[in-house]
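Asks: what's the 3D shape of this:
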Amino acid sequence: MLAVTSCGVIPTPPVALPDVTLDLPASAAAQGRVIYLRQDALAGASLPSALQRLSLTGRATYRANGGTLRQVGVYVRSSLNDLPGTCTSLGAVVACEAAGEAAQAVGTLPLTPGVGVNFALSGAALDTAARGGHGYFGVRAVEGDSLAGEQVGLTDLQARARF
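Replies: Okay, here's the model as predicted:
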């Protein structure tokens, strides 16, 4: 049993999280950058430091208004303070050059307008954010274009971790 525990394979029960709405910028204005919202999606949620390999699952629904977005890259930061020089504060959002955000990447969301699509996100940045109890999601258009005023709704969110 000790060998199984030290390998990090014991999953914890799922924990339900509140729904999250990601307001999308127009793809043309984002210019390929990662756009972080100043909305703490993990406010107050925290994991004991012994837990790792967090995964976040749920359903993503693209609320289109003429856009053609099919896939977005998802990033997470535990704070929007003390950002690198490749990031710029733009009021309600922070825009970061995609090349400098690889360590913050946690996955991609496949999107179909008006249809909830299953997804799973994971990565070291998500572990760090969850342990600290703060997570600011960022998105970058990977396939297709979004228009101002469109949203991605993340529902049925469940977090799972492993020892």
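Asks: Surely residue 21 is in a strand?
Replies: Yes. Per DSSP: H, G, I helix; E, B strand; the rest coil, residue 21 lies within a strand segment.
Asks: if I read this right, it contacts residue 153, doesn't it?
Replies: Yes. Counting by Cβ atoms under 8 Å, residue 153 is a contact partner of residue 21 at 5.4 Å. Where you see a C-beta, it was placed from the backbone N, CA and C, and this is true even at glycine.
Asks: ranges for the helices of this protein?
Replies: Secondary structure of the chain (DSSP state H): helices at 2-6, 27-30, 124-132.
Asks: And the ones you listed: which comes nearest residue 62?
Replies: Nearest to residue 62 among the helices of the chain is helix 27-30 (12.8 Å), distances taken as Cβ to Cβ.
Asks: Skip the chain neighbours and tell me the closest residue to residue 105.
Replies: Spatial nearest neighbour of residue 105, chain neighbours left out: residue 75 (5.5 Å); criterion: Cβ to Cβ, 6 or more residues apart in numbering.
Asks: Touching, that neighbour and residue 37? I think so.
Replies: No. Counting by Cβ under 8 Å, residue 75 sits too far from residue 37 to count as a contact (10.9 Å).
Asks: how about residue 114, phi and psi?
Replies: phi 80, psi 0 (degrees, to the nearest 10).
Asks: separation between residue 145 and residue 53?
Replies: According to Cβ to Cβ, to the nearest Å, residue 145 stands 34 Å off from residue 53.
Asks: hang on, the earlier thing: ok, now which ones touch the residue nearest to residue 105?
Replies: 34, 36, 101, 104-106, 125, 137-140 (Cβ atoms under 8 Å, 6 or more residues apart in numbering).
Asks: Check residue 110 too.
Replies: Applying Cβ under 8 Å, 6+ apart, the residues near residue 110 are 60, 70-71, 117, 119.
Asks: do residue 127 as well
Replies: Residue 127 neighbours (Cβ under 8 Å, 6+ apart): 47, 52-54, 161.
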